[in-house]
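Peer 1: Got a sequence here, can you build the structure:
(chains A, B, C and D)
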Number of protein chains: 2
Amino acid sequence: MRIGELAKRAGTTTRTLRYYESRGLLTVRRDAKGYRTFGEEDLRLLRQIRMLRDSGFDLEETRPFVECLRAGFPTGDSCPASLEAYRKKLAELDDCITQLQDVRDRVRADLARAEVESAARSAEAPAPRCELAPRTGASVTGEPAEGNTT
Amino acid sequence: MRIGELAKRAGTTTRTLRYYESRGLLTVRRDAKGYRTFGEEDLRLLRQIRMLRDSGFDLEETRPFVECLRAGFPTGDSCPASLEAYRKKLAELDDCITQLQDVRDRVRADLARAEVESAARSAEAPAPRCELAPRTGASVTGEPAEGNTT
DNA sequence: GCTGGCCTTGACGTCGGCGTCAATGCTTAG
DNA sequence: CTAAGCATTGACGCCGACGTCAAGGCCAGC
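Peer 2: Predicted coordinates:
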């Protein structure tokens, strides 16, 4: 399998694969023509990387999983280093979520306060009335009843 | 007040202030020597920007607040556009938190599974015994008792 | 006069993870 | 023969929010 096919099968691009190679995540054989050659194990490796990246791992953090696979283990997370990486990421995620929640609460509070003050400002304005003038009988304002007293 | 003092008072750097100016967030007067000159209102404006950036607003998103302050309102969030910006960011934060929670749960599940399988592998391995050899009498391995049979 | 400290503009560097050329080579089908 | 479609290396572009350096002007104090 050459790079184009692998990229297609892995749902990525050749550029990405060459980049991974440059980072040492992909080890490459070459055929007689100088073309990169890959096998099914590379596909598995790429799927592993993609899953992790979807979970917020940056590329470097996938390395333990990659090395684990390359060491012949059935899955990328069969090794202690991978478990450690999981735990680290988990802690990071928890921290991140907590921080974001704090921020959200702050923004929520700011919004609430700003809305209240905005309402206060409109209240001190001449209070636009949405009521219609009373239909029934005598006018409260003391205006002359329509077509009377002439 | 010149740029250095403003930067110090706002807890930031002159580079940042010049950058804000280049983005049109800071409007500048110049003195006779060509130096930038600032007033207290610029300090308030900077504090507003800093608060928002701490809450995850990118620079461009602080613009409504800045314009609100410059329009003479008492706070940056006295204007409808600012309230809208709050609501938008709030929604973004909620989305972001939800996504992160999903990711965290996935990672947690992956870790749990990997831990179980790791434990399973150690179980099928030759079970490293942490017991000491029995003190009492006859050796199980059939080795010659120490200093005997000579 | 010199040093040190403030200011000016301009421009390049950073970080991650690739995207997007450009110039060139190998192979195969028409 | 030629075009199409794969491959190769190398190098610049992008994004946001600045950091950092260079080269120079202006001023105060010793």
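
Peer 1: Would you mind measuring from A:C68 to B:A114?
Peer 2: Counting by Cβ to Cβ, to the nearest Å, the gap from A:C68 to B:A114 is 10 Å. C-beta: built from backbone N, CA, C; applies to glycine.

Peer 1: what sits in contact with each of those two?
Peer 2: A:75, A:77-78, A:82 (Cβ atoms under 8 Å, 6 or more residues apart in numbering or on different chains).

Peer 1: now, among those, which is nearest to DNA strand D?
Peer 2: Of all the shared contacts of A:C68 and B:A114, DNA strand D sits closest to A:T75, with 27.3 Å by Cβ to the nearest atom of the strand.

Peer 1: What count of nearby residues applies to that closest one?
Peer 2: 16 (other Cβ atoms under 10 Å in any protein chain shown).

Peer 1: Can you check the pLDDT for A:R36?
Peer 2: A:R36 is assigned a predicted lDDT (pLDDT) of 97.

Peer 1: thought it was touching A:V28?
Peer 2: Yes - using Cβ atoms under 8 Å, A:R36 makes contact with A:V28 at a distance of 4.8 Å.

Peer 1: quick one on the thing from earlier: A:C68 and B:A114 - which one has more neighbours?
Peer 2: A:C68 (22 against 18).

Peer 1: Strands of chain A, start to end?
Peer 2: Along chain A, counting by DSSP state E, strands occupy A:29-30, A:36-37.

Peer 1: just those strands: most buried one?
Peer 2: Among the strands of chain A, strand A:36-37 has the highest mean neighbour count (mean count of other Cβ atoms under 10 Å in any protein chain shown), at a mean of 16.

Peer 1: same for it, what does it pack against?
Peer 2: strand A:29-30 (3 or more Cβ pairs under 8 Å, 6 or more residues apart in numbering or on different chains; DSSP states H and E).

Peer 1: Neighbouring strands - and their directions - for the strand it packs on?
Peer 2: For strand A:29-30, the paired strands and their directions (DSSP bridges) read strand A:36-37 (antiparallel).

Peer 1: hmm, the strand it pairs with touching DNA strand C?
Peer 2: No - using Cβ under 7 Å from any atom of the strand, strand A:36-37 stays clear of DNA strand C, with a minimum separation of 12.4 Å.

Peer 1: Any idea which residue is closest to the centre of chain A?
Peer 2: A:G56 (9.2 Å; Cα atoms, centre = their mean).

Peer 1: Quickly note the distance from that residue to DNA strand D.
Peer 2: A:G56 sits 17 Å away from DNA strand D, going by Cβ to the nearest atom of the strand, to the nearest Å.

Peer 1: Which parts of stretch A:104-118 count as buried, going by neighbours?
Peer 2: For stretch A:104-118, a neighbour-count test (16 or more other Cβ atoms under 10 Å in any protein chain shown) marks A:104, A:107, A:110-111, A:114, A:118 as buried.

Peer 1: and the residue of chain A found nearest DNA strand C, what are its phi and psi?
Peer 2: Of all residues in chain A, A:D58 sits closest to DNA strand C, with a separation of 3.0 Å (Cβ to the nearest atom of the strand). When read as degrees, to the nearest 10, the backbone of A:D58 gives phi -80, psi 170.

Peer 1: Burial check on it, number of neighbours?
Peer 2: 9.

Peer 1: Tell me where the model's unsure across chain A.
Peer 2: For chain A, the stretches flagged by pLDDT under 70 are A:122-150.

Peer 1: at 50 instead, please
Peer 2: A:130, A:137-150 (pLDDT under 50).

Peer 1: Residues of it that sit close to chain B?
Peer 2: Within reach of chain B by Cβ under 8 Å from any Cβ of the partner chain, chain A has these residues: A:54-56, A:75, A:77-78, A:80, A:82-83, A:86-87, A:89-90, A:93-94, A:96-97, A:100-101, A:103-104, A:106-108, A:110-111, A:114-115, A:117-118, A:121.

Peer 1: which one is A:L46 nearest to, not counting chain neighbours?
Peer 2: Closest residue in space to A:L46, ignoring its immediate chain neighbours: A:A10 at 4.1 Å, by Cβ to Cβ, 6 or more residues apart in numbering or on different chains.

Peer 1: Would you enumerate the residues in contact with A:L52?
Peer 2: Neighbours of A:L52 in contact, by Cβ under 8 Å, 6+ apart: A:61-62, A:65, A:76.

Peer 1: Oops, could you answer that again for A:P80 instead?
Peer 2: Neighbouring residues of A:P80 by Cβ under 8 Å, 6+ apart: B:S118.
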